[in-house]
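Student: predicted coordinates and the sequence they were generated for:
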Amino acid sequence: MSESTSRDGAAAPVITIDGPSGSGKGTISQAVAQQLGWHYLDSGALYRLLAFAALHKGVALDDATALVALSARLACDCCLPTAADPAVRLEGRDVSSELRTEAAGEAASRIAALPAVRAALLDWQRNCRKPPGLVADGRDMGSVIFPDAGLKIFLTASPQVRAERRYNQLKNMGKEADLAALVSEVEARDRRDATRATAPLKPAPDALILDNSKQDVTATVAAVLEAARKKF
Ligand code: DC
């Protein structure tokens, strides 16, 4: 029995939750993983962590060779969020809030467009598949990383609603925010993630599309769990 398979040799079940920034994937995926007692993969944290480490170590964001070498070292030095502990640790230090900055998100989006970087992070993500199951959140979880996932969700909300969520987050942190500028940023990020040549953001053909513009977290989690109950 390999680590990714159950006692009967079957691959551990996977639910993929893909979608754009601000769709609530992180919150929903963690809640679903917790309720099912499954593992949780925040793949965006991997891209943010690699971008953050590159910025700190002076590695250029377009130097694919150096980024690939850095990702191999990172795999040993970091702890990714789990359903029980949402912190991201690098060399033992909690860097979660530094990874959520606009600068880290922007840098993550740039390195995520490099095919060699995406290839270097592939096995790391697939190795997170372990019994009793995995909830994987990202952009290409259902289309590229786990194409055989038993349930694929594409979670989305309108750019206006996603920008408003970000606006409220920033205000709650006591930061200045400009809603119109945030709407433009959300739209620009969507365009770049959706039009890049490698693994563009788009629903897998067999994904269930959920628009949660008018739905709260509890209702969205319930919708995903209901879909899971029918599949597993
Ligand atoms: O989900 P997030 O905002 O933490 O992701 C940060 C960036 O990483 C985002 O611009 C898209 C990219 N990303 C990706 O290309 N593929 C993934 N599976 C996850 C994130």
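Tutor: Received it, and whenever you're ready, just let me know what you need. Numbering: from 1, shown residues only.
Student: CA only for contacts and neighbour counts going forward, please
Tutor: Noted.
Student: ok, Val135 - contacts?
Tutor: Residues counted as contacts of Val135 (C-alpha atoms under 8 Å, 6 or more residues apart in numbering) are Val14, Ile15, Thr16, Ile17, Ser29, Gln30, Val32, Ala33, Trp38, His39, Tyr40, Leu41.
Student: other SSEs contacting the helix or strand encompassing Thr220?
Tutor: In this structure, Thr220 sits in helix 217-231 according to DSSP states H and E. With contacts defined as 3 or more C-alpha pairs under 8 Å, 6 or more residues apart in numbering; DSSP states H and E, the packing partners of helix 217-231 are helix 25-36, strand 151-156.
Student: can you put these in JSON lines and add mean neighbour count, distance to the ligand and mean pLDDT?
Tutor: JSON lines is the format used below for these (neighbours: other C-alpha atoms under 10 Å; distance: least, C-alpha to the nearest ligand atom, whole Å; pLDDT from 0 to 100):
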{"stretch": "helix 25-36", "mean neighbour count": "20", "distance to the ligand": "8", "mean pLDDT": "95"}
{"stretch": "strand 151-156", "mean neighbour count": "24", "distance to the ligand": "12", "mean pLDDT": "97"}
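Student: so which of the contacts of Val135 is the closest to Val221?
Tutor: Relative to Val221, the closest of the contacts of Val135 is Val32; by C-alpha to C-alpha it sits at 6.3 Å.
Student: next one: that closest one from Leu80, what distance?
Tutor: Taking C-alpha to C-alpha, to the nearest Å as the measure, Val32 and Leu80 are separated by 17 Å.
Student: what does Gly22 give?
Tutor: In this structure, Gly22 and Leu80 are 20 Å apart, going by C-alpha to C-alpha.
Student: break down the chain into its strands, ranges please.
Tutor: 14-18, 39-42, 78-79, 89-90, 93-94, 134-138, 151-156, 208-211 (DSSP state E).
Student: how about those in JSON lines, adding distance to Arg48?
Tutor: As requested, the strands of the chain are exported to JSON lines (distance: least, C-alpha to C-alpha, whole Å):
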{"stretch": "strand 14-18", "distance to Arg48": "16"}
{"stretch": "strand 39-42", "distance to Arg48": "10"}
{"stretch": "strand 78-79", "distance to Arg48": "12"}
{"stretch": "strand 89-90", "distance to Arg48": "12"}
{"stretch": "strand 93-94", "distance to Arg48": "14"}
{"stretch": "strand 134-138", "distance to Arg48": "12"}
{"stretch": "strand 151-156", "distance to Arg48": "20"}
{"stretch": "strand 208-211", "distance to Arg48": "25"}
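Student: check these for me: which has the lowest mean pLDDT.
Tutor: When these are ranked by mean pLDDT, strand 78-79 comes last with a mean of 78.
Student: Thr82: neighbour count?
Tutor: 17 (other C-alpha atoms under 10 Å).
Student: name the nearest of the contacts of Val135 relative to His56.
Tutor: When the contacts of Val135 are compared against His56 (criterion: C-alpha to C-alpha), the nearest one is Leu41, at 24.0 Å.
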